[in-house]
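Trainee: Need coordinates for the below:
(one chain, ligands or ions: 1)
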Amino acid sequence: MFSSIAPSYDTLNRLLSFGVDRRWRRQAARAALRGGAERVLDVATGTGDLAMTLAELAPQAEVVGVDFAEPMLDRARAKARAHGAHIHFEVGDGTRLRFPDDSFDAVTIGYGLRNFDDIDAGLREFLRVLRPGGRLVVLEFPPPPGGLFGALYRFYFTRVLPAVGGLVSGRGSAYRYLPASVMAFPSPQALADLMRAVGFVDVGYHLQTMGVSAIHRGEKAA
Ligand SMILES: C[S@@+](CC[C@H](N)C(=O)[O-])C[C@H]1O[C@@H](n2cnc3c(N)ncnc32)[C@H](O)[C@@H]1O
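Mentor: Predicted structure coming up:
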């Protein structure tokens with residue numbers, strides 16, 4: 001599915017989020033880099049926007065991007081080349097990473113965890129490759145909030161977005177999958193509990209743009 005929407009993925013991100021997605025990723029990258037990081041892994045990197053933001057904010061850091069959809073990575077590589085960013089992109093499954101234990105100062109994943117068949121397996125794998133004291137940052141769309149804003153957002157998300165996304169990408173199913181996967185994703189509190197359950201410490205989260213997006217963070221015990 002992600003391979004098939006790769007050509008229009010970036011355009012639709014900007015369009016459907018009214019351009020706010022860049023700010024959400026920037027805030028996530030800052031959260032991951034807080035305290036300094038020399039080696040950073042961006043899992044489910046897609047077309048590389050979060051990896052490129054990390055590289056821009058920490059030019060001395062080694063940034064690695066992993067995704068299992070090669071056409072998304074082709075775009076990531078082209079964008080990194082065009083921006084002179086030195087990022088290593090490679091194919092890989094986020095639940096079975098090839099990296100040794102304790103090998104990254106920070107691990108990030110932007111709008112990727114929701115798509116994992118096994119969220120626990122992903123979180124355990126992120127914990128394994130983090131060095132003690134290293135930080136995980138998960139950027140994800142929580143299920144829509146309640147209230148009037150939530151009702152408006154729900155309408156936009158379940159009606160307008162799939163229609164526009166389907167029209168522009170030619171892949172209606174991918175943009176029907178997006179709201180369905182968000183509705184099925186754990187609430188921010190439940191995701192924080194999952195992170196603690198697999199062993200992360202200092203777990204917390206904050207909501208972005210009235211709860212449309214959320215940044216989760218957790219650390220591997222030092
Ligand atoms: C919505 S995109 C997010 C891309 C990028 N992180 C961003 O912020 O735009 C989700 C990405 O997750 C990738 N993905 C989903 N499950 C994966 C897994 N188990 N291992 C690696 N990549 C995965 C997909 O191929 C897709 O590129």
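Trainee: what about T158, how many neighbours?
Mentor: T158 has 16 neighbours, counted by other CB atoms under 10 Å. Yep, even glycine has a C-beta here, placed from its N, CA and C like the rest.
Trainee: Quick one, grab the pLDDT at the residue in the chain that the ligand sits nearest to.
Mentor: Closest residue of the chain to the ligand, CB to the nearest ligand atom: G46 (2.4 Å). pLDDT for G46: 97.
Trainee: For it, list the residues it contacts.
Mentor: F2, Y9, D67, A69, M72, A76, G110, Y111, G112 (CB atoms under 8 Å, 6 or more residues apart in numbering).
Trainee: so which of those are also by the ligand?
Mentor: Counting by CB under 6 Å from any ligand atom, F2, D67, A69, M72, G110, Y111, G112 from those sit close to the ligand.
Trainee: So D117, which state does it fall into?
Mentor: coil (DSSP: H, G, I helix; E, B strand; the rest coil).
Trainee: Quick check: nearest residue in space to it, chain neighbours excluded?
Mentor: Excluding the flanking residues, the one nearest D117 by CB to CB, 6 or more residues apart in numbering is T95, at 7.5 Å.
Trainee: circling back: can you tell me which of the ones next to the ligand among the contacts of G46 are in helices?
Mentor: Per DSSP state H, helices hold the following members of the ones next to the ligand among the contacts of G46: F2, M72.
Trainee: Just flag the most distant two among the ones next to the ligand among the contacts of G46.
Mentor: A69 and G110 (14.2 Å; CB to CB).
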